[in-house]
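Colleague: Curious how this folds, go ahead:
(one chain, ligands or ions: 1)
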Amino acid sequence: MKENEKELVDLDEEGNVTGEKIEKKPKKNDYTFKIIVTLIIIGIIVLAGILVYKQYNKMSHIELIVAEDYDEMSRKAANIIADLIKKNPNAILGLATGSTPVGTYNELIQKNKNKEISFQNVTTFNLDEYIDLDKNHPQSYYTFMYEHLFKNIDINLAKTHIPKGQGDSKLNVQNYENLLHNNKINLQILGVGRNGHIGFNEPGTPFDMGVHDVELHNKTIKDNARFFENDISKVPKKAITMGIRNILDSETIILMANGTNKADAIKYVMSHKVDVNIPVTALQIHKGKVYVIVDKKAASKL
Ligand code: GLP
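Modeller: Numbers count the residues shown, from 1 in each chain. Here you go, the predicted model:
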């Protein structure tokens, strides 16, 4: 402080004060100004760094695994599921239908036949079911699961659950919601629709929705016509589905996709942008681990 004062007054030869205080040297002001500006810039850089880190950290729970092809994708997914069942023979699995998980189910059937894993104490909950399609129709998800998995493994059918698509809709929704409330899914398997739907959660579905009935979008109806002799009129127009909230409640999620027609959906899920119009982007806000296992074609837009 004293040193400073000396610089601010005129002194005679003996060191007495002779004049008025003189103005601060402009050089000093310059320094202060420069220091403030530098500090502000550093502050902005640090703040931007924190924001970017936070944004990317949101995705740190997502592990992208790009497989050579469909078979490798299926093996990788099956290995993760098998490891869970080995660690926890009472595991609760969330299951999906569609062509995507068929290879994974085949791998699991093989592992069960080899006695590598047992499904005896495993419980399952499926994502969805068509409404007003007979349970025993060849294209019902009930039939799908029985044919592609359940009849080929040592699972107790009483421990398998598929939403009911027939009868009192409100009651079916409430019952399935209650079941999910009482059973926390350890691992949920997901495919994805071309429009980014998961289960039958079509674009625009709020992320906090639980089990609900849904009118299928035209794109979904067209996509699923291949299972109904390519006849759109035969495709059910409604479905019952777990909501995105139920999906996000599961501990771990495996999202699988293969083929170029899924490349956009995969680009969106890895985009760092959560969008209610692309339901699969909800996985970015999942609290647990998410494996995105895709073949090279589905990864082609990353
Ligand atoms: C249906 C199912 C979804 C599935 C999607 C994709 O709409 N409800 O759960 O993910 O089809 O099907 P695929 O795997 O045949 O492409």
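
Colleague: so how many other residues sit close to the closest residue to the ligand within the stretch 151-300 of the chain?
Modeller: Each residue of the stretch 151-300 of the chain has a distance to the ligand, by Cβ to the nearest ligand atom, and the smallest belongs to residue 191, at 2.7 Å. Where you see a C-beta, it was placed from the backbone N, CA and C, and this is true even at glycine. Neighbourhood size, residue 191 [other Cβ atoms under 10 Å]: 23.

Colleague: ok, and the closest non-adjacent residue to it?
Modeller: Counting by Cβ to Cβ, 6 or more residues apart in numbering, residue 100 is the residue found nearest to residue 191 once chain neighbours are left out, at 3.7 Å.

Colleague: Quick one: residues contacting residue 93.
Modeller: When the contact criterion is Cβ atoms under 8 Å, 6 or more residues apart in numbering, the partners of residue 93 are 81, 122, 123, 124, 125, 185, 186, 187, 188, 189.

Colleague: Need the pLDDT of it.
Modeller: Among the per-residue scores, residue 93 holds a pLDDT of 98.

Colleague: so it, which of the three states?
Modeller: When states are read from DSSP: H, G, I helix; E, B strand; the rest coil, the local structure at residue 93 comes out as strand.

Colleague: for the one 4 residues further on, same thing?
Modeller: Using three-state DSSP as the criterion, the local structure at residue 97 reads coil.

Colleague: just checking, it touches residue 128?
Modeller: Yes. Here residue 97 reaches residue 128: they are 7.4 Å apart, a contact under Cβ atoms under 8 Å.

Colleague: Which neighbours do the two have in common?
Modeller: Common neighbours of residue 97 and residue 128, counting by Cβ under 8 Å, 6+ apart, are residue 141.

Colleague: So for the two, which residue has more residues nearby?
Modeller: Higher neighbour count among residue 97 and residue 128: residue 97, with 27 against 24, using other Cβ under 10 Å.

Colleague: Quick check: the gap between the more buried one and residue 110.
Modeller: Using Cβ to Cβ, to the nearest Å, residue 97 is found at 20 Å from residue 110.

Colleague: Residue 200 too?
Modeller: Counting by Cβ to Cβ, the gap from residue 200 to residue 110 is 29 Å.

Colleague: ok, back up a step: closest to residue 48 among the contacts of residue 93?
Modeller: For these, the minimum distance to residue 48 (Cβ to Cβ) is 35.2 Å, reached by residue 188.

Colleague: Next, the closest one: secondary structure please.
Modeller: Using three-state DSSP, the structure places residue 188 in strand.

Colleague: Enumerate the beta-bridge partners assigned to it.
Modeller: residue 94, residue 253 (DSSP bridges).

Colleague: State the distance from it to residue 215.
Modeller: Counting by Cβ to Cβ, the gap between residue 188 and residue 215 amounts to 24 Å.

Colleague: that older thread, dihedrals phi and psi, the residue nearest to residue 191?
Modeller: In terms of degrees, to the nearest 10, the main-chain angles of residue 100 are phi -60, psi -50.

Colleague: list the contacts for it?
Modeller: In this structure, residue 100 makes contact with 191, 192, 256, 257, 258, judged by Cβ under 8 Å, 6+ apart.

Colleague: Thank you, goodbye.
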